[in-house]
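Trainee: Show me how the following folds:
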Amino acid sequence: MPFKTQGNISYPPSADKKLLKPFEKQHREERVRRFKKEHETFISNAKKSAKSAETLLQHLGISHENRGQIEKYLKEISDKRRRSKRPRPSVKALQGHNIARYAPFDFPILHHYWSGACAYNLNGPDARTGAIGAGNATYAGGGITTQSGVGFWYWASRQLTLQVTAQVSAYAQGEVVALFGYVQSYIGLRASIIQWTNPRAQASADMPIYDRSGVITFDMRPGQGGEIFTAPVAMPVLAGNWYYILVESIQRAYSVVGITESTFYGGVGPVIFAEH
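Mentor: The predicted structure is shown next:
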């Protein structure tokens, strides 16, 4: 069963909720627009690459009939694998005593778009534990993007540069298979700082974990529990402003006569921030 998003939006005790709630709504709408644009750009670029791959396959003399049989075979393999009982990796966010932010966080976020033949299972987000991630699969021209994350509020008492380093303990597995088609799969970690008086004023940094694409290709990244991934980001902040710090898993996949699978179980923490 798909994971249900856990955790509502929490506000700092000293914050003016009447001020932050409209900002939260404004930012949520801006985030949806930005995510939709990212997804559409990804699908558009993937289709262009797939079109180039089609030209190559035609030169190789691969018939549509043979490709249809291969597509059916790959789908059966993917379905069988997804139905099989796999051990669920145990991934927990690290805890400690340094000056940092640990779970529980102030809120979860989730955006999810897909088209064509896809399957997915959400592994987060859960603001209570810091869990993020998803299990995605595509075949037969499917495309999917999942953005799962948690975040917290930050108050800037003076004008400075805020340095944030997000750390995630994770299990990350990626796989692409294309015998006579095109596939693309990406898993990444993103850290962001957003100013609430202006949601467009933000800084973010992506850390790729798995990024593969190609024609007539096979590649696999075996997952290991407890791998540590980090994403650093810095931004000048203004005194007297609230900021929103997000840590997200970004997963994208697209396939034509091929299959992709990616699994990400992540536990966010610690999120270390320093003021300069």
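Trainee: where exactly do the strands run in the stretch 1-150 of the chain?
Mentor: Shown for the stretch 1-150 of the chain, the strands assigned by DSSP state E, counting those that start in this stretch span residues 107-122, 131-132, 134-156.
Trainee: CA-only coordinates of the longest one in CSV, if you can.
Mentor: Read that as strand 134-156. These are the backbone C-alpha positions of strand 134-156, laid out as CSV (Å, rounded to 0.1, in the frame of the first residue of the first chain):
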residue,chain,number,x,y,z
ALA,A,134,9.8,6.3,-3.0
GLY,A,135,10.0,3.1,-5.1
ASN,A,136,9.4,3.9,-8.8
ALA,A,137,9.2,1.8,-11.9
THR,A,138,8.5,2.7,-15.6
TYR,A,139,8.1,0.8,-18.8
ALA,A,140,6.5,1.2,-22.3
GLY,A,141,6.8,5.0,-22.5
GLY,A,142,6.1,5.8,-18.9
GLY,A,143,7.5,8.9,-17.1
ILE,A,144,7.4,9.6,-13.4
THR,A,145,8.8,12.2,-11.0
THR,A,146,8.5,12.0,-7.2
GLN,A,147,9.6,14.8,-4.8
SER,A,148,9.4,13.8,-1.1
GLY,A,149,10.8,15.9,1.7
VAL,A,150,10.6,17.4,5.2
GLY,A,151,11.5,20.8,6.5
PHE,A,152,11.6,23.3,9.3
TRP,A,153,11.4,27.0,10.0
TYR,A,154,14.4,29.3,10.6
TRP,A,155,14.3,32.9,12.0
ALA,A,156,17.0,35.3,10.9
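Trainee: if we can go back for a sec, out of the strands of the stretch 1-150 of the chain, which one sits most buried?
Mentor: Mean neighbours per residue, mean count of other Cβ atoms under 10 Å, is largest over the strands of the stretch 1-150 of the chain for strand 131-132, with a mean of 28. Quick note: C-beta positions are derived from backbone N, CA and C, even for glycine.
Trainee: Which residues does that strand contact?
Mentor: The contact list for strand 131-132, computed with Cβ atoms under 8 Å, 6 or more residues apart in numbering, reads 91, 93, 123-126, 148-150, 168, 247-249, 264-268.
Trainee: on that earlier part again, okay, the strands of the stretch 1-150 of the chain in TSV with mean pLDDT next?
Mentor: Formatted as TSV, those follow (pLDDT from 0 to 100):
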stretch	mean pLDDT
strand 107-122	88
strand 131-132	95
strand 134-156	90
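Trainee: got the contact list for R221?
Mentor: A172, Q173, G174, E175, I209, Y210, R212.
Trainee: Just name the shakiest helix or strand of the protein by mean pLDDT.
Mentor: Within the chain, no helix or strand scores below helix 64-83, which has a mean of 64 by mean pLDDT, DSSP states H and E.
Trainee: could you say what helices and strands the lengthiest helix in the chain packs with?
Mentor: Longest helix in the chain by number of residues (criterion: DSSP state H): helix 17-60. On a contact count with 3 or more Cβ pairs under 8 Å, 6 or more residues apart in numbering; DSSP states H and E, helix 17-60 meets strand 107-122, strand 134-156, strand 160-195, strand 202-221, strand 241-256.
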